[in-house]
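J.: take a look and give me a structure for this.
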Amino acid sequence: MSQSALSELLDAFRTGDGVDMIRESVRTVLQELVEFEAAGVIGADRYERSEGRITERNGTRPKLLATKAGDIELRIPKLRKGSFFPSILEPRRRIDQALYAVVMEAYVHGVSTRSVDDLVVALGADSGISKSEGVSHL
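T.: Below you'll find the predicted structure:
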């Protein structure tokens, strides 16, 4: 890291902007890892013509990821043929399933939506539960 970049980072922490910088850094690194893995599955980088290409990209879908730096949104590439889900996000599926199980259990026992949302936030998902993730989708 260059001296000027280090100085800029320290200034950001002093002014209180460090958390946003860390969150954006985490998002950038994870997005690059997703893009790298997608290129391997596809057989070519974005906009690259290659004999080894298996399929093409077909847009992206958002994926909200709860991290210790806060919630970040990644763009997961969609493919014309087949499917793709980054391996770096696979372990989170178990965590998501456990979280959904807790929410469902609370709902079954009549816990209010507001209390369930507070519980989800307390468990580390800063954004809580959106309407699209409501009980009807669980």
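J.: state the helix or strand in which Ile76 lies.
T.: strand 70-79 (DSSP states H and E).
J.: other SSEs contacting that strand?
T.: On a contact count with 3 or more C-beta pairs under 8 Å, 6 or more residues apart in numbering; DSSP states H and E, strand 70-79 meets helix 18-42, strand 57-67. From N, CA and C alone the C-beta is placed, and that goes for glycine too.
J.: tell me which of those sits most buried.
T.: Stretch with highest mean neighbour count among the helices and strands packed on strand 70-79: helix 18-42 (a mean of 15; mean count of other C-beta atoms under 10 Å).
J.: now for that one, which elements pack on it?
T.: Helix 18-42 is packed against helix 3-15, strand 57-67, strand 70-79, with contacts defined by 3+ C-beta pairs under 8 Å, 6+ apart.
J.: low-confidence ranges in this protein?
T.: Applying pLDDT under 70 to the chain picks out residues 1-2, 5-6, 9-10, 12-14, 16-19, 69, 91-100, 119-138.
J.: quick check: domain ranges of it?
T.: Under the assignment automatic domain parsing, the domains of the chain span 3-86, 92-137.
J.: end to end, how far does the first one reach?
T.: Looking back up the chat, that one is domain 3-86. Length of domain 3-86, first residue to last, C-alpha to C-alpha, to the nearest Å: 34 Å.
J.: and Leu64, how far is that from Arg75?
T.: In this view, Leu64 and Arg75 are 11 Å apart by C-beta to C-beta, to the nearest Å.
J.: now do Val102
T.: In terms of C-beta to C-beta, Val102 sits 28 Å off from Arg75.
J.: do Leu65 as well
T.: Counting by C-beta to C-beta, the gap from Leu65 to Arg75 is 11 Å.
J.: burial count for Ile54?
T.: Ile54 has 12 neighbouring residues, counting by other C-beta atoms under 10 Å.
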